[in-house]
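Enquirer: Curious how this folds, go ahead:
(chains A and B)
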There are 2 protein chains.
Amino acid sequence: MTTDQIFLKMTFDRWNALLKNFDTALNGFTDEQLQQEIAPGKNRGIYLLGHLVAVHDDMLRLLDMGDKLYPELQDAFLAKPDKAVSDIPTAATLREYWKKQNEVLAEKFNSVEPGGWLQKHTAVTAEDFIKEPHRNKLNIIITRTSHLAYHLGQFILIK
Amino acid sequence: MTTDQIFLKMTFDRWNALLKNFDTALNGFTDEQLQQEIAPGKNRGIYLLGHLVAVHDDMLRLLDMGDKLYPELQDAFLAKPDKAVSDIPTAATLREYWKKQNEVLAEKFNSVEPGGWLQKHTAVTAEDFIKEPHRNKLNIIITRTSHLAYHLGQFILIK
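Expert: Predicted structure coming up:
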């Protein structure tokens, strides 16, 4: 393994492990449980699920991998806080989105050549990227991994 | 910047950002608030604080950087769940430990030569490391970063 391959493996091992952990937690909850708040007055499980799908969907744009799968989630799960929008997809629908999205992301990520991960993401200009080469596509994976871990820690509080 | 330097920067940027976020949350809570549970029947804030200090302390051993600073935290904050041990340090003491530890870790991490991060950590054998070169010191930082994010997501639920 080259050094680059080792770095990529470490990064994607973490991303995949956390997706799996979230998936396990999700499968352990009923749709009714997802309606519960993680703590009194805090986000509901269903909001965290929709929020993660919305955030991961936006990775497609940042990674220049095409359009969002579920742009309709933007308003209720990204722009606004929980309970601000009453007309949201059902838990069953969001479970399907989550599953399908993970398949699509895995396929797209697997098709990237190793060197491609060090190219700039779409939210940085070519000019800035010369000075800040860490603002690359892999950094999108790294930052979304800790975002996922943060919300997983909350999600498992559902009873 | 070399590719290795870029990978190291991305990894430590995340670690440092999450430490800073936890620090900001910690400074925003009173000692009394740290006695609260993050959700009914779940861990108290003070337990999460002690747990993080204990886990980060163990990084010293895994990274071959010397002895733990606070081995006495092992029992109450790692081996056992919250409230199993009644005689734990005060919130004020744990705040000091957290602060001091971050200084010590930063100093030790800064003294590592870039190539040193790809060497094996102490919990993997030389034989296994040949087959699994991703079980290196940097991977300790990567996995503890998502561990920190996970508990930060819980910690900020304190009211």
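Enquirer: in terms of contact, does A:His51 touch A:Leu152 like I think?
Expert: No - between A:His51 and A:Leu152 there is no contact under CB atoms under 8 Å: 11.9 Å. All C-beta atoms are positioned from the backbone trio N, CA, C, and that covers glycine.
Enquirer: neighbour count winner among those two?
Expert: A:Leu152 (23 against 19; other CB atoms under 10 Å in any protein chain shown).
Enquirer: Please name the spatially closest residue to the more buried one (chain neighbours excluded).
Expert: A:Phe22 (5.1 Å; CB to CB, 6 or more residues apart in numbering or on different chains).
Enquirer: secondary structure class for the nearest residue to A:Leu73 once chain neighbours are set aside?
Expert: Nearest residue to A:Leu73 in three dimensions, chain neighbours excluded: A:Ala54, at 4.2 Å (CB to CB, 6+ apart). A:Ala54 falls in the helix class when you classify it by DSSP: H, G, I helix; E, B strand; the rest coil.
Enquirer: Indicate whether stretch A:56-69 makes contact with chain B.
Expert: No - Stretch A:56-69 is not in contact with chain B by CB under 8 Å from any CB of the partner chain; minimum separation 14.8 Å.
Enquirer: Figure out how far that stretch is from the centre of its chain.
Expert: Distance, stretch centre to chain centre, for stretch A:56-69: 10 Å (CA atoms, centre = their mean, to the nearest Å).
Enquirer: Ends of it, what's the gap?
Expert: 10 Å (CA to CA, to the nearest Å).
Enquirer: and it, average pLDDT?
Expert: Averaging pLDDT along stretch A:56-69 gives 97.
Enquirer: For it, which outside residues touch it?
Expert: A:70-71, A:73-74, A:78, A:97, A:100-101, A:104-105, A:108, A:121-123, A:137, A:140-141, A:144 (CB atoms under 8 Å, 6 or more residues apart in numbering or on different chains).
Enquirer: Weed out the non-buried ones from the residues you listed.
Expert: A:Tyr70, A:Leu73, A:Tyr97, A:Gln101, A:Val104, A:Leu105, A:His121, A:Lys137, A:Ile140, A:Ile141, A:Arg144 (16 or more other CB atoms under 10 Å in any protein chain shown).
Enquirer: show me what contacts the fourth one?
Expert: Contacts for A:Gln101 (CB under 8 Å, 6+ apart) come out as A:Val53, A:His56, A:Asp57, A:Leu69, A:Tyr70.
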